[in-house]
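S.K.: next one to model:
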Amino acid sequence: MKTKAPNHIRTRPSKPKAILVGVSMPGISSPPAEISLEELGSLATTARYEPVATFTQRLTGINSKTFVGSGKVEEIKLAVEHHNPEAVIFDEELSPRQNRELENIFKCRVMDRSWIILEIFSDHARTREAKTQVELARMKYALPRLTRMWGHLSRQRGGIGMKDVGETQIQLDRRMIRSQINKLEKKLVQIDKEKKTQRKNRAETYKVALVGYTNAGKSSLMNCLTGADTLVEDKLFATLDATVRKIKKNFPYPVLLSDTVGLINKLPHDLVASFKSTLDEVRDANLLIHVVDLSHPEYTEQMRTANDLLQQMGADDIDIVIAFNKIDALPDMEILDRALHAFPSSVGISCQTGQGVESLRQKIIYHYEKKLVPYRLELDHSQAILVQEIRKFALVLKEDYNPDGIVLNLRLSLGAKAKLEFILKRSLKTAAG
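M.R.: Presented below is the predicted three-dimensional model:
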């Protein structure tokens, strides 16, 4: 008779093991191989792999068959035979040919940085939009790699129409995948239309978007500024879906704050393209807050990566405020002094302690008021009831009550001007009726 093992000696299922491979190449502006490989390890852990060995190689040129040199391939092959991992993960994007060649040599799954990021995005997607965006990017990436990629796809959790794909590999061909890509693209067009309608409804409101490298603390800052309960986890890409909230705490104007997907070095091109409607939250913003983890040893490189991706999105001409986050974790406050000196418009904050958050609020207010235009409005005394309504969307600098009527000196946004004209027309109609 079998007995159930006591709870205290039950073993958890072990994570699938992975071997990580990184390279450095002269003349290419990117983080050092060790730093990038450390980040790849965080990506692998987030994707629920257990890194068991790492390899690096300095390359003068890329091997068209195996990416790394033949000697390094032999080293990795010996490690594969020793550790028996589920996957070997490369820190660079592999061509379909390299992917196939390496899988034939190692006799196990071979993935690259782009695919592991796609796995994480697939795991973390929650909304219909995010799931569709990720699935489209995965399909486009997998299409030229169909020989072995379907086994990888079957491992995914929460995909769209991809359940048990590994078992039906023979039935799936390129034509069917292109058909699925076409369906997903049409679905995204429809979602994009819905998003445009939502953004159009918010056109008159000042919009601020949080941007920055993944795990810099954007969601924590979202919670600080809005009192929201956005998911906060110490892992890469903990949140994917754009969250939009109104800033209410200690703020005099109607402002919408959006928390967007985190950026990362070597982000897959297809993923950037698929997340068009989500990234439109960035492009449509009036102000960007670039959140930077100042406690990270490579924060300047992360800033460069984020700025490069913002430029690719066409968002580099939007006003921006740099928020150096996690200053409570700094070993030396001189690091903050140097950063603030290098970027004069920046502010140091800590979402953990609240330090500097009020200064950031004041910077948002400054940028908001900078966009306002002066406007002089004359009202009859019978329209005095409108003053309180006008205060909700306009900055009232001065109000004079005299025998002839009420004179308001205002500052308005472009959207607020249209709203004011609507209120005045409605008031005149009511008076005439």
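
S.K.: does the spatially most central residue of the chain count as helix, strand or coil?
M.R.: For the chain, the residue sitting closest to the mean C-alpha position, by Cα atoms, centre = their mean, is Val261 at 1.5 Å. Here Val261 is coil, with the state taken from DSSP: H, G, I helix; E, B strand; the rest coil.

S.K.: for it, give its distance to Ala125.
M.R.: From Val261 across to Ala125, the span is 10 Å (Cβ to Cβ, to the nearest Å). Where you see a C-beta, it was placed from the backbone N, CA and C, and this is true even at glycine.

S.K.: now the strands for the stretch 301-433 of the chain?
M.R.: Assigned by DSSP state E, counting those that start in this stretch, the strands in the stretch 301-433 of the chain fall at 319-325, 347-348, 373-379, 395-402, 405-412.

S.K.: mean neighbour count and distance to Pro51 for these - can I get that in CSV?
M.R.: What follows is the strands of the stretch 301-433 of the chain, written out as CSV (neighbours: other Cβ atoms under 10 Å; distance: least, Cβ to Cβ, whole Å):
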stretch, mean neighbour count, distance to Pro51
strand 319-325, 22, 27
strand 347-348, 22, 33
strand 373-379, 14, 56
strand 395-402, 12, 54
strand 405-412, 17, 55
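
S.K.: relative to Val21, which of those is closest?
M.R.: Val21 lies closest, by Cβ to Cβ, to one member of the strands of the stretch 301-433 of the chain: strand 319-325, at 31.6 Å.

S.K.: just checking, what packs against the closest one?
M.R.: helix 218-226, strand 287-293, helix 334-342, strand 347-348, helix 357-370 (3 or more Cβ pairs under 8 Å, 6 or more residues apart in numbering; DSSP states H and E).

S.K.: pick out the shakiest of these, pLDDT-wise.
M.R.: The minimum mean pLDDT among the helices and strands packed on strand 319-325 belongs to helix 218-226 (a mean of 88).

S.K.: from the contact counts, what lies against that one?
M.R.: strand 206-212, strand 243-246, strand 255-259, strand 287-293, strand 319-325, helix 357-370.

S.K.: make a markdown table out of these and add distance to Leu102.
M.R.: Formatted as a markdown table, those follow (distance: least, Cβ to Cβ, whole Å):
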| stretch | distance to Leu102 |
| --- | --- |
| strand 206-212 | 34 |
| strand 243-246 | 39 |
| strand 255-259 | 38 |
| strand 287-293 | 33 |
| strand 319-325 | 39 |
| helix 357-370 | 47 |
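
S.K.: out of those, the one nearest Ala87 is which?
M.R.: With respect to Ala87, and counting by Cβ to Cβ, the nearest of the helices and strands packed on helix 218-226 is strand 287-293 at 28.0 Å.

S.K.: returning to what we had before: which of the helices and strands packed on helix 218-226 sits closest to Glu39?
M.R.: Closest approach to Glu39 among those is made by strand 287-293 (12.3 Å; Cβ to Cβ).

S.K.: may I have the strands that pair with that closest one, each with its orientation?
M.R.: Its sheet considered, strand 287-293 pairs with strand 206-212 (parallel), strand 319-325 (parallel) by DSSP bridges.

S.K.: which residues touch the last one?
M.R.: Meaning strand 319-325. By Cβ atoms under 8 Å, 6 or more residues apart in numbering, the residues outside strand 319-325 that reach it are 216-217, 220-221, 286-294, 303, 336, 339-340, 343, 345-351, 356, 360, 363-364, 367.

S.K.: the longest helix anywhere in the chain: which residues count as buried?
M.R.: The longest helix of the chain (DSSP state H) is helix 174-201. For helix 174-201, burial by neighbour count (16 or more other Cβ atoms under 10 Å) applies to Ile177, Gln180, Ile181, Leu184, Lys187, Leu188, Ile191, Lys195, Arg199.

S.K.: save those residues as TSV, and put in pLDDT and distance to Thr66 too.
M.R.: As requested, those are exported to TSV (pLDDT from 0 to 100; distance: Cβ to Cβ, whole Å):
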residue	pLDDT	distance to Thr66
Ile177	85	26
Gln180	89	31
Ile181	91	29
Leu184	92	32
Lys187	91	38
Leu188	86	36
Ile191	84	40
Lys195	77	43
Arg199	69	46
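
S.K.: out of those, which is nearest to Val272?
M.R.: Nearest to Val272, judged by Cβ to Cβ, of those is Leu188 at 13.5 Å.

S.K.: for that closest one, give its distance to Glu93.
M.R.: Counting by Cβ to Cβ, the gap from Leu188 to Glu93 is 23 Å.

S.K.: just Ile335 next, same as before
M.R.: On the measure of Cβ to Cβ, Ile335 and Glu93 end up 33 Å apart.
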